[in-house]
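> I'll drop the sequence and a predicted model, then ask my questions.
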Amino acid sequence: MLSELHPKIVSIIHSNAEVSLRLQQICDLLQESVPYYDWVGFYFKNGNKEELKLGPYTGAPTDHTIIPFGKGICGQVALSNENFVVPDVKAQDNYIACSINVKAEIVVPLFVNGENIGQIDIDSNTPDPFTQEDERFLEFINKEVAKIL
Ligand code: SME
């Protein structure tokens, strides 16, 4: 059960470490604990620009450190304010490939005071692995993260 990780997430959030280190620890925890979470990262709105900038992440380095709003799954979520679950990345025409191994993706927006300021992005090398349990779990994480931003 993903919710078994809630106490670990809360304890990271409540630690005294720098915010970026706490976000890194959350990425590391998720990637280590959930077998089908192969790449886990946060993107944030880049100042006043209509683009996302990569924050802490765990997994293979990506060239896509800046993503314009509207581009790819991440850029679409920056505009839609809705979760985006992609069971099969090959079926998406507005998709930015980071690795040929990735089969599926989930992006959940992160709100601070009702404003969409970023997102958590997870890539999976397993086809169609994400359920509503993942959506609720990632919404929980983003709500916790919003408290320290
Ligand atoms: N696939 C994403 C780009 C980010 S990488 O997955 C790390 C997208 O289409 O927006």
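Good, I have the coordinates. What you see is a predicted model; the values in this text were computed from it and never measured.

> List the contacts of residue 31.
Shown in contact with residue 31 (Cβ atoms under 8 Å, 6 or more residues apart in numbering): 37, 38, 39, 40, 58, 59. Placement of C-beta: from N, CA and C, glycine included.

> ok, so what distance separates it from the ligand?
13 Å (Cβ to the nearest ligand atom, to the nearest Å).

> Chain neighbours aside, what residue packs nearest to that residue?
residue 58 (4.3 Å; Cβ to Cβ, 6 or more residues apart in numbering).

> Pop out the phi and psi values for whatever residue of the chain ends up closest to the ligand.
For the chain, the residue closest to the ligand is residue 72, as judged by Cβ to the nearest ligand atom, at 2.5 Å. Here is the backbone geometry of residue 72 (degrees, to the nearest 10): phi 70, psi -180.

> Need the nearest residue in space to it, chain neighbours excluded.
Nearest non-adjacent residue to residue 72 (Cβ to Cβ, 6+ apart): residue 96, at 3.5 Å.

> show me what contacts that neighbour?
64, 67, 71, 72, 73, 74, 75.

> three-state assignment of the residue nearest to residue 2 when sequence neighbours are not counted?
Excluding the flanking residues, the one nearest residue 2 by Cβ to Cβ, 6+ apart is residue 137, at 4.0 Å. Secondary structure assignment for residue 137 (DSSP: H, G, I helix; E, B strand; the rest coil): helix.

> Residue 137: neighbour count?
Number of residues near residue 137 (other Cβ atoms under 10 Å) recorded here: 22.

> Tell me who's in contact with it.
2, 3, 5.

> so where do the helices sit in this protein?
Using DSSP state H, the helices found in the chain span residues 6-13, 19-33, 72-80, 132-146.
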